[in-house]
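In: only geometry, no sequence info:
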């Protein structure tokens with residue numbers, strides 16, 4: 001299976017997408033009564049903003065764009081270096097939703113207006129229940145993607161350097177949008193960031209452990225010292 005995934009990265013992504021969507025749909029259908037309600041005082045101070053739907057929905061194309069771009073432009077190990085924490089974190093989040101069902105009650109009772117932004121928010125609310133929120137997968141994925149832009153050497157090219165600050169701005173906008181739309185609590189955002197940093201650090205350790213540089217260092221340490 002590992003060899004198949006290595007030879008078919010697009011097929012691997014497609015399989016994981018199917019797995020994630022099925023699991024998320026099952027959670028949305030059957031885990032509807034939270035055992036934990038997520039809320040903090042800061043949530044009450046953040047106003048609702050329907051225009052935040054714009055960066056919020058940009059999350060959906062940003063993930064495949066980044067994955068395919070790194071697969072195309074960067075060495076293959078950079079692609080897998082992104083997939084490891086990204087898909088692991090999404091799976092762990094789904095598992096946590098199952099073990100600790102959680103939700104929030106922050107959404108406004110009604111969304112005023114008949115413009116495209118208000119209609120989009122109402123469509124989001126009708127299709128996405130206010131459950132399975134902590135940690136925020138929106139935030140987790142955004143931070144993980146942003147870190148990849150700064151880690152991958154393909155963005156060192158002068159014509160691509162602008163993509164790094166652009167990724168930072170988009171990441172911050174998406175994180176802000178989750179709380180401005182009342183889709184998530186500040187607590188969800190914090191835990192999403194922490195999960196992203198923890199898994200990225202773990203992936204960096206794994207990469208170092210299997211790197212040729214580590215093997216060369218270990219070999220030098222094992223060589224006898226001649227005097």
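Out: Okay, I see it. Model, not experiment: these values are computed from the prediction.
In: Tell me the pLDDT of residue 28.
Out: At residue 28, the pLDDT value in this model is 88.
In: what about it, distance to residue 133?
Out: According to CB to CB, to the nearest Å, residue 28 and residue 133 sit 11 Å apart. The C-beta positions use only the backbone N, C-alpha and C, and glycine is treated the same way.
In: which of those two has more neighbours?
Out: Residue environment comparison for residue 28 versus residue 133 gives the larger neighbour count to residue 133, 28 against 15, counting by other CB atoms under 10 Å.
In: measure the more buried one to residue 188 for me?
Out: When distances are taken as CB to CB, residue 133 and residue 188 turn out to be 5 Å apart.
In: any idea which element the residue nearest to the spatial centre of the chain lies in?
Out: Closest residue to the average C-alpha location of the chain: residue 141 at 1.0 Å, with CA atoms, centre = their mean. Following DSSP states H and E, the helix or strand that holds residue 141 is helix 137-151.
In: Give me the helices and strands touching that helix, please.
Out: Using 3 or more CB pairs under 8 Å, 6 or more residues apart in numbering; DSSP states H and E as the contact criterion, the neighbours of helix 137-151 among helices and strands are helix 53-73, helix 76-99, helix 163-180, helix 186-209.
In: Nearest to residue 152, out of those?
Out: When those are ranked by proximity to residue 152, the top entry is helix 76-99, at 4.8 Å, counting by CB to CB.
In: just checking, next helix/strand downstream of that closest one?
Out: Scanning the chain past helix 76-99 towards its C-terminal end, the next helix or strand to appear is strand 102-103 (assignment: DSSP H and E).
In: Can you tell me which helices and strands that next one packs against?
Out: Using 3+ CB pairs under 8 Å, 6+ apart as the contact criterion, the secondary-structure elements in contact with strand 102-103 are strand 36-37.
In: For the strand it packs on, give the mean pLDDT please.
Out: The average pLDDT within strand 36-37 is 94.
In: That one pairs with which strands?
Out: strand 102-103 (parallel) (DSSP bridges).
In: how far is whatever helix or strand comes next after the partner strand from where the chain is centred?
Out: The first helix or strand that comes after strand 102-103 along the chain, using DSSP H and E, is helix 116-127. Put simply, helix 116-127 sits 22 Å off its chain's centre (CA atoms, centre = their mean, to the nearest Å).
In: Could you give the average pLDDT over helix 116-127?
Out: Across helix 116-127, the average pLDDT comes to 94.
In: Same question for stretch 163-177.
Out: Across stretch 163-177, pLDDT averages out at 97.
In: what's the spacing between residue 40 and residue 154?
Out: Separation of residue 40 from residue 154 (CB to CB): 39 Å.
In: Equivalent analysis for residue 57, please.
Out: Noted for residue 57: a distance of 26 Å to residue 154, by CB to CB.
In: Residue 48 - that's part of a strand, no?
Out: No - for residue 48, which was evaluated using DSSP: H, G, I helix; E, B strand; the rest coil, the result is coil, with no strand membership.
In: looking at it, it is touching residue 109, isn't it?
Out: No - the pair formed by residue 48 and residue 109 falls short of the contact definition of CB atoms under 8 Å, at 10.7 Å.
In: Out of the two, name the residue with the larger neighbour count.
Out: More neighbours surround residue 48 than the other of residue 48 and residue 109, with 15 against 4 (other CB under 10 Å).
In: where does the more buried one fall, phi/psi-wise?
Out: phi -80, psi 140 (degrees, to the nearest 10).
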